[in-house]
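**Q** I would like the atomic coordinates for the input below:
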Amino acid sequence: MWNQVYDPLNNVVLSTIAAAVPVVTLLVLIASGRVKAHIAAVIAVIVTNLITIMIFRMPVNMSARASVLGIVTGFFPIGWIVLNVIFLYQVTVTTGRFELLKRAVGGVTEDRRLQLLLVAFSFGAFFEGASGFGTPVAITGAVLIGLGFSPLAASGLSLIANTAPVAYGALGTPIQGLASVTGLDPYILGAMVGRQLPFFSLIVPFWVVWAFAGWRGMKDVWPAILVTGVSFAIPQFVISNYINPWIVDIGASLISMGALILFLKVWQPKQLWLSPALRGRDVSVSEMGKTAPLDKTPLTQAELWSALLPWIIVCIVMLIWGSGWFKTWANAIFTWNYAVPELHQMINKMPPVAAKPTPEGAVFAFTYLSFTGTGMLIAAIISGFLMGVGPGRLLVEYGRTIRLCAISLITISAMLAIGTLTRLSGVDATLGLAFAATGVLYPFFGTLLGWLGVALTGSDTASNILFGNLQKITSQQIGLSPILMAAANSSGGVMGKMIDAQSIVVASTATRWYGHEGTILRFVFWHSIVLACLVGVLVTLQAYVWPFTELVLK
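**A** Purely as a prediction, here's the structure:
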């Protein structure tokens, strides 16, 4: 057995700096724009191994095995989702169905700002609720680039929009993960998150349009933005507090989409915003191909259903794949669990991160049927057959998709290697303990701890599992509500989703803007920090001013 060490240099400041080296290395290399993302990820994997072995004294064989486990986990399930989403997109393009979808969206509104609200925020929230784990950014990024948005606008705005729904993603998986490590009731945790995120469900639609079109561009469509935000935020609060935390995103997104579409039947902006580029300097404009003028011929009923058919199939399949009963059935039959020898339950998580020495699991769960990516592949195949695409043509298209995504899949796998290694070595926990030592400011910095967790791991679920118990223990020690701070970990975490490295690679792949991950990161970075700080301010007010926690407990 090897016990994690959280202060290996016997100096909290130096140990924290050492723990920050891997993630800082990765982000700096990517943001520099001089190093390709896959090269940066490989370099960061090497640096992380050196830090864990030489400073945190993790045995060499454990460090190597943890890295390999992370590489495999990076492809299954994250890379597997991206590959099959892009495959579905390619099939819809080659069959002409995507062109019909563009006309269908254009039939609702030609205004780019309103298309963002409909596609990036509301439509993306549905896929976050149904499947999560990179699916919404992959789909909305592909749709926006197909609609003619610039690569930076399509990728960056998809990332910003995919924030407020994340805590309830994949049918409430982050809430369930948080409950599993804290022992707190998932319904109470879900309700507490539902007293935090609705504020940001109102803010984020305004924020996305402002980031795209500037203050004046946002001001001109504020009624539509308000309808979008309110019709999402109120159901998000009601469902999370009075029904359950599992169907929050699905219910809120469907209501939001319906409300916006109905509103646009009676209201349209005085002046249409037709520019596909970010207002101001958009470095990706020069790489845009010439987009043909949108065909304004109204779709027939048959053409409309033909355009929507692949996405209806995806929605149905994702709802099935995300449900608990399906996962239970599929995982009972179609599963291969591989406990990594000399790693599984050979590492102890130690106090104060855990209440007592707790062995860390290191199992590669190859739940090949219940993977979201498998559901996406099945949806793509069904859609292809219904669109008249034969098996041979589907295979050719799949081979083309693999070639398109190869570098991105390598990058995602390397980044998951970093996340897995920092978790098993205790490097993440060292950073978390630094945040936990902030005393009266802990509600603010504890929220940023959730942000850090998602930025490091790429998943709100993983962040909750990593830091959820630390939030509970720390809050009890300083007299705060463990419910409030556990929920804050998840709510703060959603704002880290837009800067985690794997999400950025997913966005660049979906928009086919390969090699520009640094540009995307630089665009979304400050949006992420400012929004995370705003969540921290809200949680601080909840801790010391507004008695939301007591209301939940009652």
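**Q** direction included, what does the helix or strand hosting Phe364 pair up with?
**A** Applying DSSP states H and E as the criterion places Phe364 in strand 363-366. Strand 363-366 has the following strand partners under DSSP bridges: strand 336-339 (antiparallel).
**Q** and the strand it pairs with, how far out from the chain middle?
**A** Distance of strand 336-339 from its chain centroid, counting by CA atoms, centre = their mean, to the nearest Å, is 26 Å.
**Q** only the buried residues of the very next helix or strand once past the strand holding Phe364, if you could.
**A** For strand 363-366, the following helix or strand on the C-terminal side (DSSP H and E) is helix 372-386. By neighbour count, and taking 16 or more other CB atoms under 10 Å as the criterion, the buried residues in helix 372-386 are 372-384. Bear in mind the C-beta positions are built from the backbone N, C-alpha and C, glycine included.
**Q** Pro59: which of the residues you listed is nearest?
**A** Of all these, the one with the least separation from Pro59 (CB to CB) is Gly373, at 32.9 Å.
**Q** ok, back up a step: so what touches the strand holding Phe364?
**A** With contact meaning CB atoms under 8 Å, 6 or more residues apart in numbering, strand 363-366 is reached by Leu69, Val72, Thr73, Phe76, Thr335, Trp336, Asn337, Tyr338, Ala339, Val340, His344.
**Q** could I have the buried ones of those as PyMOL selection syntax?
**A** To isolate the buried members of those in PyMOL, using 16+ other CB under 10 Å:
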select buried, resi 69+72+73+76+340+344
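**Q** wait, which of the contacts of strand 363-366 is closest to Ile30?
**A** Using CB to CB, the shortest approach to Ile30 within the contacts of strand 363-366 belongs to Thr73, at 20.4 Å.
**Q** nearest spatial neighbour of that closest one, skipping sequence neighbours?
**A** Computed as CB to CB, 6 or more residues apart in numbering, the closest residue to Thr73 that is not its neighbour in sequence is Leu416, at 5.1 Å.
**Q** likewise Asp500?
**A** The shortest distance from Asp500 to any non-neighbouring residue, by CB to CB, 6+ apart, is to Gly458 (4.1 Å).
**Q** with just CA atoms, put the strand holding Phe364 into PDB.
**A** The C-alpha coordinates for strand 363-366 follow below in PDB (Å, rounded to 0.1, in the frame of the first residue of the first chain):
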ATOM      1  CA  VAL A 363     -10.800  -0.200 -12.400                       C
ATOM      2  CA  PHE A 364     -11.300   0.200 -16.200                       C
ATOM      3  CA  ALA A 365     -15.000  -0.400 -16.600                       C
ATOM      4  CA  PHE A 366     -15.500  -1.300 -20.200                       C
END
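**Q** what's the offset of it from the middle of its chain?
**A** Its chain's C-alpha centre lies 21 Å from the corresponding centre of strand 363-366 when counted by CA atoms, centre = their mean.
**Q** mind listing what's buried in that strand?
**A** For strand 363-366, the buried set under the neighbour-count rule, 16+ other CB under 10 Å, comprises Phe364, Ala365.
**Q** now stretch 55-66
**A** Residues of stretch 55-66 classed as buried: Ile55, Phe56, Met58, Met62, Ser63, Ala64, Arg65, Ala66 (neighbour count, 16+ other CB under 10 Å).
**Q** got the phi/psi numbers for the residue nearest to Asp500?
**A** Dihedral pair for Gly458: phi 80, psi 10, per degrees, to the nearest 10.
**Q** from Val248, how far off is it?
**A** As judged by CB to CB, to the nearest Å, Gly458 and Val248 stand 21 Å apart.
**Q** same question, Val227
**A** 19 Å.
**Q** higher neighbour count, the two?
**A** More crowded of Val227 and Val248, by other CB atoms under 10 Å: Val248, with 30 against 19.
**Q** contact partners for that one?
**A** Val248 sits next to Gly129, Pro165, Tyr168, Gly172, Gly190, Gly194, Pro235, Gln236, Ile239, Ser240 when contact means CB under 8 Å, 6+ apart.
**Q** pLDDT (mean, whole number) over the helix or strand encompassing the last one?
**A** Okay, so that is Ser240. Element membership for Ser240 (DSSP H and E) is helix 222-242. Confidence for helix 222-242, expressed as mean pLDDT, is 97.
**Q** could you pull out the buried residues of it?
**A** Within helix 222-242, the residues scored as buried using 16+ other CB under 10 Å are 224-225, 227-241.
**Q** repeat that for stretch 311-324.
**A** So for stretch 311-324, counting by 16+ other CB under 10 Å, buried means Trp311, Ile313, Val314, Cys315, Val317, Met318, Leu319, Ile320, Trp321, Gly322.
**Q** before we move on, the earlier item: helices and strands around the helix or strand harbouring the residue nearest to Thr73, which ones?
**A** Take DSSP H and E as the rule and Leu416 turns out to sit in helix 391-425. Taking 3 or more CB pairs under 8 Å, 6 or more residues apart in numbering; DSSP states H and E as the contact definition, the neighbouring helices and strands of helix 391-425 are helix 12-32, helix 37-54, helix 60-73, helix 80-94, helix 372-386, helix 442-457, helix 460-477, helix 501-510.
**Q** quick check: angle from it to helix 442-457?
**A** 130 degrees (axes from the mean of the first three to the mean of the last three CA atoms, to 10 degrees).
**Q** give me the nearest residue to Gly141, chain neighbours excluded.
**A** With CB to CB, 6+ apart as the measure, Ala510 is the residue that lies nearest to Gly141, at 3.3 Å, once sequence neighbours are left out.
**Q** surely the one you found and Thr135 touch.
**A** No - because the distance of 10.2 Å does not satisfy CB atoms under 8 Å, Ala510 is recorded as not touching Thr135.
**Q** find the residues that touch each one of these two.
**A** Contact criterion CB under 8 Å, 6+ apart; residues bridging Ala510 and Thr135 by contacting each: Val85.
**Q** residues in contact with stretch 203-217?
**A** By CB under 8 Å, 6+ apart, the residues outside stretch 203-217 that reach it are 112-113, 116-117, 120-121, 153, 156-157, 160-161, 163-164, 218, 221-222, 225, 228-229, 232, 273, 278-280, 527, 531, 534.
**Q** circling back: now the element after the helix holding Ser240, going C-ward?
**A** Following helix 222-242 toward the C-terminus (DSSP H and E): helix 248-266.
**Q** nice, that's everything, thank you.
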